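Student: Attaching a predicted model along with its sequence, questions to come.
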Amino acid sequence: MSGKFVVAYDGSPASRRALDFAADRAAAQSTTLVVVHVLEWSPYSFLTPTEIEERHVRRRQELERAEKALMAPVVEELSSKGITIETVIKYGHISDTLCEVVKDKGATQMFVGRDGHGALSARVFGSVAGSLVQIAPVPCTIVP
């Protein structure tokens, strides 16, 4: 099968279930698995130049921590199982950024975990899984 699979991963138990499920599918179909971690970032247009510089430093540190703490162990583990892995760490709105990565990578399917908690907040603010069901450009598997 051509294409790639994209899986959202943030280190939570729900995202780990999605990662394991997607990895099994990728291995079975000899497809590359793109593991994506999205850091939400709020841009502020009213910051001073010093504050902007400090935010850029913190942003770079967050990216480095995410690569080391989240992605490196996953790449090592899944690569040892013979799965071809790519990683993407980006800032942005989670659902929109996942859809951008799907398009950029030419993915044919995406996977995301759902934890089942926070029903009230999901109704008020929405959830990543709920958003992806509506906007995903490819089939989206929501892993319970």
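Tutor: That came in fine, so what should we check first? Worth saying up front: this structure is predicted, and the values here are computed from it rather than measured.

Student: which element follows the helix or strand that contains V6 toward the C-terminus?
Tutor: In the assignment (DSSP states H and E), V6 maps to strand 4-8. On the C-terminal side of strand 4-8, the closest following helix or strand by DSSP H and E is helix 13-28.

Student: then that next one to CSV, C-alphas only?
Tutor: Extracted in CSV, the C-alpha atoms of helix 13-28 (Å, rounded to 0.1, in the frame of the first residue of the first chain):
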residue,chain,number,x,y,z
PRO,A,13,-2.1,6.8,27.6
ALA,A,14,-4.7,7.5,24.9
SER,A,15,-2.1,8.6,22.4
ARG,A,16,0.0,5.5,23.3
ARG,A,17,-3.0,3.3,22.4
ALA,A,18,-3.3,5.1,19.1
LEU,A,19,0.4,4.8,18.4
ASP,A,20,0.4,1.0,19.1
PHE,A,21,-2.7,0.5,16.9
ALA,A,22,-1.2,2.6,14.1
ALA,A,23,2.1,0.9,14.4
ASP,A,24,0.5,-2.5,14.0
ARG,A,25,-1.3,-1.4,10.9
ALA,A,26,1.8,0.2,9.5
ALA,A,27,3.9,-2.9,10.0
ALA,A,28,1.2,-5.1,8.5
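
Student: That helix: how far from the chain's middle?
Tutor: 12 Å (CA atoms, centre = their mean, to the nearest Å).

Student: Okay, buried residues for it please.
Tutor: Within helix 13-28, the residues that count as buried by 16 or more other CB atoms under 10 Å are A14, S15, R17, A18, L19, F21, A22, A23, R25, A26. Bear in mind the C-beta positions are built from the backbone N, C-alpha and C, glycine included.

Student: could you say what helices and strands that helix packs with?
Tutor: strand 4-8, strand 32-39, strand 107-113, strand 140-143 (3 or more CB pairs under 8 Å, 6 or more residues apart in numbering; DSSP states H and E).

Student: deepest of the ones you listed, which one?
Tutor: Sort the helices and strands packed on helix 13-28 by mean neighbour count, taking mean count of other CB atoms under 10 Å, and strand 4-8 sits at the top with a mean of 26.

Student: now that one and strand 107-113, what's the angle there?
Tutor: Angle of strand 4-8 versus strand 107-113, following axes from the mean of the first three to the mean of the last three CA atoms, to 10 degrees, is 20 degrees.
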